[in-house]
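Peer 1: Sequence first, then the predicted structure:
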Amino acid sequence: MQGDGNLVLYPVDSPSTSAYAYYSTLTIGVGGNVSLNLESDGRLYLLNGSLPLWNICNGGFPTHGYINLMRLDVGGIFRIYSLSLGDLTMARSWSSTEDVCVPKGICGVNAFCILQNTAPECQCLPGFVSVQSGNNTAGCSRNFLAQGCAKIDDRLKYEMRRVENSEWEDNSYEILEMMSEEECSKACLDDCNCEAAFFRDSQCSKQRLPLRYGRRSLDSSNVALVRFSTTVVPDMGGNSDTKIITKKEPHMDILIIGIVLMSIGVLALLISVFFAHKKRKDYNKITNEDGANFAEGISLKLFTFEHLSEATNGFKEKLGRGASGTVFKGVLQNGQKMVAVKRLEKEYTQGEIEFQTELKTIGKMYHRNLVRLLGYCFNKDNKSLVFEYMSNGSLADILFNQEKQPSWEERMEIARDISRGILYLHEECETQIIHCDIKPQNILMDRNWCAKISDFGLAKLLNQDQTNTITGIRGTKGYVAPEWYHKQAITVKADVYSFGVMLLEIVCCRKCVDWSRSEDEAILEEWVYDCYATGKIGSLVDDEMVEEKNVERMVKIGIWCVQYDPSLRPTMKEVLLMLEGTVEIPIPPCPSSFFKLNLA
């Protein structure tokens, strides 16, 4: 039972987000005093305080000579049983689902659940075998040795095997638009990092192993494509008798070859030590004062200032400028990889230890809705961050441009993308991060028009006593939560406020402050609430094709997010569920007259 009144089932060791839930009463936002109750006749229901909220099971089962009991079974399904006191037999009276493959995690990694006469059976992916016979949760592993990128170019050794009508956890690291399943297979084979791919509705999602939460679903059009070694004799039954083709190797030959290779290895080691020592001397000329071991423990690439200067052609092409520094376009890997290099201003830089500590945290973060940090430079006062390049600019570039404005559905998907990224920062990453500057200029669009949050590490990389504006408030006017002005404790609800302002901008395709409009419409939040309260929702959106109920739903979410009192604002988890349309949204109160204070 979550604190918001929603009863949810999640698999173990998974984030508590809607994407991972496999059962929910959808009673989110009803309050924090919800309890689960069972009557003697098997009626199972929720109470909100003393008020009935919702019947999960209507009951009506016999009580004379019987005891009705509720149980969460080991398979992850919620059930009610009737126990006969006469012969002590127990029969199932109700179940939250009849599909025993619905619970996520019933099969281990690289395996998927199928129904065999209503009983669950776990099958391994093609080319995989069960790790432990008889233990479904142990999962499956490859029955061949996967080669690394250096050898994987030999395309004749690999092909893609398909598992149709299957659902999995989606941890895509790249999503492509493809016309056919064959194109998706080829794209994965050509990418040495791709171990599997999902193809559905002309979309190819590249995956890395392991694959989790697999199940066969006839309602799904998703096809899982798995990299398979053709040097293996396949066993489609998934048993452990699958063999790997090997050759007999004479022991004497191995001994002689081993001695020769060892001699060559020792010689190569001596030569490499000599050149490494020489190179280290040259490199220390640049990094001695800044810590030569700075990269230890960080999964990021360390660049010299000279390298980044060359990559950006002397920091020539400016992509934009923010509060903490200027961003330049760069090219790495002999022109093969575009990057964005952000040079931090001197007043925003800090000492080596603090900078290293924050980078260790930020470098571990990976989410499809965060702009990825690839590397950094720590060279005296020239601190720089290297990010993935986002080819379609910022959300502000398209949202406030009449010629580029996305459709309603595209805007709603952008809003959901942003909320998923903020939720990751607030609840799912190792160290909680409050962004402090959520606004359209900090939302960047990749080549597939997927929205990603940038500058998410800014709040951590700045000095603790450093602020972004001369007002002493971190963030951008118009998006700043009230608690900043009152010097109250700043929590994740400050980001929720900023997101709410931006959500209203996404709905109305206009800036939160526009003094070119009339006084009644200049401040977006005030105008939106006035339209909502007076039933004039239709005037907020120019597109006549958008249903007014959809606009009203988004407006209500935005108004809840910009409440003056932080405790009234929903969490980002609740915001995402509301955006996804899985819960009803209560009528929001008037936020307050804070807007003019925010812009003063």
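Peer 2: Received, thanks. Numbering: from 1, shown residues only.

Peer 1: so V513 makes contact with T476?
Peer 2: No - look at V513 against T476 with Cβ atoms under 8 Å: they stay out of range, at 10.6 Å. For every residue, glycine as well, the C-beta is placed using N, CA and C.

Peer 1: More neighbours: which of those two?
Peer 2: Legend: neighbour count by other Cβ atoms under 10 Å for V513 and T476, higher for T476 (20 against 17).

Peer 1: what separates the residue lying closest to the more buried one once chain neighbours are set aside from K329, distance-wise?
Peer 2: Leaving aside its sequence neighbours, T476 sits nearest to K439 (Cβ to Cβ, 6 or more residues apart in numbering; 5.2 Å). Computed as Cβ to Cβ, to the nearest Å, the K439 to K329 distance reads 22 Å.

Peer 1: out of these two, which sits in the more crowded spot?
Peer 2: The residue with more neighbours, out of K439 and K329, is K439; 23 against 18, by other Cβ under 10 Å.

Peer 1: ranges for the helices of the stretch 351-500 of the chain?
Peer 2: Here the stretch 351-500 of the chain has its helices, by DSSP state H, counting those that start in this stretch, at 352-363, 395-399, 408-423, 458-461, 482-485, 493-508.

Peer 1: what does the third one contact?
Peer 2: The contact list for helix 408-423 (Cβ atoms under 8 Å, 6 or more residues apart in numbering) reads 17, 367-370, 395, 399, 406, 435, 438, 443, 449-453, 456, 495-496, 499, 502-503, 506-507, 509, 541, 543, 545-546, 550, 554, 572-573, 575-576, 579-580.

Peer 1: Buried ones among the residues you listed?
Peer 2: 17, 367-370, 395, 399, 406, 435, 438, 443, 450-453, 456, 495-496, 499, 502-503, 506-507, 509, 541, 546, 550, 554, 572-573, 575-576, 579 (16 or more other Cβ atoms under 10 Å).

Peer 1: Strands - which of those residues land there?
Peer 2: With DSSP state E as the criterion, strands contain I443, A451, K452, I453 from among these.

Peer 1: How about the first one: which residues does it bridge to?
Peer 2: Here I443 sits in beta bridges with I453, going by DSSP bridges.

Peer 1: which residues touch I80?
Peer 2: Contacts for I80 (Cβ under 8 Å, 6+ apart) come out as 38, 42, 44, 57, 61, 68-71, 92-95.

Peer 1: Make a PyMOL selection of the buried ones in these.
Peer 2: To isolate the buried members of the contacts of I80 in PyMOL, using 16+ other Cβ under 10 Å:
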select buried, resi 38+42+44+57+61+68+70+93+94
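
Peer 1: which among the contacts of I80 gets closest to F315?
Peer 2: Of all the contacts of I80, S95 has the smallest distance to F315: 63.3 Å, by Cβ to Cβ.

Peer 1: can you count the residues close to R553?
Peer 2: Number of residues near R553 (other Cβ under 10 Å) recorded here: 19.

Peer 1: how far away is it from L255?
Peer 2: According to Cβ to Cβ, R553 and L255 sit 74 Å apart.

Peer 1: and what of Y564?
Peer 2: Y564 is 79 Å from L255, by Cβ to Cβ.

Peer 1: ok, these two, which is more surrounded?
Peer 2: More neighbours surround Y564 than the other of Y564 and L255, with 18 against 10 (other Cβ under 10 Å).

Peer 1: where does the more buried one land in three-state SS?
Peer 2: coil (DSSP: H, G, I helix; E, B strand; the rest coil).

Peer 1: Next, give phi and psi for it.
Peer 2: The phi/psi pair for Y564 (degrees, to the nearest 10) reads phi -60, psi -40.

Peer 1: cool, K404 as well?
Peer 2: phi -110, psi 0.

Peer 1: Now it: closest residue in space, sequence neighbours ignored.
Peer 2: Closest to K404 by Cβ to Cβ, 6+ apart is I398, at 4.3 Å.

Peer 1: Relative to G478, how far out is the one you found?
Peer 2: Per Cβ to Cβ, I398 is found 19 Å from G478.

Peer 1: Low-confidence stretches in the stretch 101-250 of the chain?
Peer 2: Applying pLDDT under 70 to the stretch 101-250 of the chain flags the ranges 144-156, 231-250.

Peer 1: typed the wrong thing, it's the stretch 501-600 of the chain
Peer 2: Ranges of the stretch 501-600 of the chain meeting pLDDT under 70: 593-600.

Peer 1: if we go to 90?
Peer 2: Along the stretch 501-600 of the chain, segments meeting pLDDT under 90 span 513-523, 538-539, 541-547, 564-565, 567, 581-584, 589-600.

Peer 1: how about the helices in it?
Peer 2: All helices of the stretch 501-600 of the chain, identified by DSSP H, counting those that start in this stretch, fall at 519-522, 524-533, 548-561, 572-579, 594-599.

Peer 1: Determine the number of other residues adjacent to P589.
Peer 2: The local packing of P589 (other Cβ under 10 Å) involves 13 other residues.

Peer 1: ok, it - contacts?
Peer 2: Applying Cβ under 8 Å, 6+ apart, the residues near P589 are Q563, L568.

Peer 1: What separation is there between it and V507?
Peer 2: Here P589 is placed at a distance of 19 Å from V507 (Cβ to Cβ).

Peer 1: returning to that earlier point: test my guess that the residue nearest to K404 contacts I443.
Peer 2: No - applying Cβ under 8 Å as the test, I398 and I443 come out as separate, 10.0 Å apart.

Peer 1: Check what pLDDT the residue most central in space within the chain gets.
Peer 2: Against the mean C-alpha coordinate of the chain, by Cα atoms, centre = their mean, the closest residue is H367 at 4.2 Å. Note for H367: predicted pLDDT of 88.

Peer 1: Okay, the closest residue in space to it that isn't next to it in sequence and I433: tell me how far apart.
Peer 2: Residue nearest to H367 in three dimensions, not counting chain neighbours: Y424, with 4.4 Å by Cβ to Cβ, 6+ apart. From Y424 across to I433, the span is 9 Å (Cβ to Cβ).
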